[in-house]
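Colleague: Coordinates for the following, if possible.
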Amino acid sequence: MPKSSSLADGAKTYYRPIEAAIRWSGLLRFERRILATLGQRPLPEATEFPRWPMLRLNAERIFDALAHGEMPYGKEGLVRDTQGLAMDDPSLTVRHVDLKSWMAHHYPGERPAFLFDEIERALHPAISLDTVGALLAEREAIKARLAEHLGVHETLRTEHEALLKMHAACAADAERASTPGPRSESTYLNIVGGLLTLLLGKSPSGMPYSSFLTQEAIISAMVAHHGNAMGITERTLQAKFALARRNLQSTTS
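Modeller: Numbers count the residues shown, from 1 in each chain. Predicted coordinates for the structure are as follows:
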């Protein structure tokens with residue numbers, strides 16, 4: 001968006017107080033009419049321009065600042081020894097830069113276009129250009145720190161993924177190590193099958209080796225005494241016992 005020209009808003013190097021008040025009040029297009037009505041008078045009467053009450057108020061503000069030494073003034077644009085220069089002298093003027101500085105200090109909420117450009121008017125009254133510069137510098141510093149933290153985060157993420165892969169590999173190795181191979185499983189099944197045969201078997205003289213007469217009795221006793229242990233269920237024991245007996249028969253036949 002192009003900036004509005006200060007010249008279009010009536011900016012000059014210096015102003016008579018009434019000229020500054022006209023621009024401050026946004027009445028530049030009525031300047032000729034107002035000046036013609038006032039003639040050599042520095043201030044309009046209170047009832048002279050009822051549609052524009054801010055005109056007299058803003059003019060009074062400027063004269064008040066001059067009277068109290070808040071803003072330098074001179075004659076026809078030159079700030080010089082003002083001794084003997086009356087406040088109502090038609091040649092009394094204030095410089096553009098002095099008017100802008102005074103208004104920024106005493107009326108920070110007022111940003112008329114003939115004194116302040118678009119950027120200055122867009123800024124909050126409490127924020128100066130120096131403050132904006134400092135904020136931008138701080139923003140760049142924060143961006144640099146954020147980039148550094150993101151780099152550290154990426155490094156940690158890569159290390160975390162590597163540790164997860166290592167953990168998965170170790171878990172797989174441990175599972176393989178804990179799972180018996182075919183030879184070990186066959187050994188366990190033969191042991192179970194042999195014990196089961198003895199529990200249900202008889203001596204050469206016909207005496208039972210145990211008080212268990214059936215496989216179901218053995219299963220019931222095991223569930224009753226060790227039912228909380230993993231794998232000690234009626235269904236699992238039946239399947240395992242059947243598998244153990246078949247495995248034992250195949251190895252002894």
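
Colleague: alpha carbons only for contacts and neighbour counts from here, please
Modeller: Will do.

Colleague: now for the worst-scoring helix or strand of the chain on mean pLDDT, which elements pack on it?
Modeller: Ranked by mean pLDDT, DSSP states H and E, the helix or strand of the chain with the weakest confidence is helix 118-122, at a mean of 77. Helices and strands touching helix 118-122, as assessed by 3 or more Cα pairs under 8 Å, 6 or more residues apart in numbering; DSSP states H and E, are absent.

Colleague: quick one: the strands in the stretch 51-200 of the chain?
Modeller: With DSSP state E, counting those that start in this stretch, the ranges of strands along the stretch 51-200 of the chain come out as 74-75, 92-95.

Colleague: What strands flank the last one, and is each parallel or antiparallel?
Modeller: Within its sheet, strand 92-95 is paired with strand 14-15 (antiparallel), strand 74-75 (antiparallel), according to DSSP bridges.

Colleague: how about it: buried residues?
Modeller: Using 16 or more other Cα atoms under 10 Å as the test for burial, strand 92-95 gives 92, 93, 94, 95.

Colleague: quick one on the thing from earlier: so for residue 105, which of the strands paired with strand 92-95 sits nearest?
Modeller: If you check each of those against residue 105 by Cα to Cα, strand 14-15 wins as the nearest, at 18.6 Å.

Colleague: what's downstream of that closest one, the next helix or strand?
Modeller: helix 17-24 (DSSP states H and E).

Colleague: just how off-centre is that following helix within its chain?
Modeller: 46 Å (Cα atoms, centre = their mean, to the nearest Å).

Colleague: likewise stretch 18-29?
Modeller: 45 Å.

Colleague: and the end-to-end length of it?
Modeller: 14 Å (Cα to Cα, to the nearest Å).

Colleague: what is the mean pLDDT for it?
Modeller: For stretch 18-29, mean pLDDT rounds to 93.

Colleague: Please spell out which residues along it are buried.
Modeller: Buried-residue list, stretch 18-29, by 16+ other Cα under 10 Å: 18, 19, 20, 21, 22, 23, 24, 25, 26, 28.

Colleague: outside of that stretch, which residues touch it?
Modeller: Here stretch 18-29 makes contact (Cα atoms under 8 Å, 6 or more residues apart in numbering) with 9-10, 31, 42-43, 54-56, 58-59, 62, 112, 114.

Colleague: can you list the residues you listed in CSV and add distance to residue 72 and neighbour count?
Modeller: Shown next, in CSV, are the contacts of stretch 18-29 (distance: Cα to Cα, whole Å; neighbours: other Cα atoms under 10 Å):
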residue, distance to residue 72, neighbour count
9, 23, 16
10, 21, 17
31, 24, 15
42, 17, 21
43, 19, 20
54, 23, 17
55, 21, 25
56, 21, 22
58, 17, 20
59, 16, 22
62, 11, 20
112, 20, 17
114, 19, 22
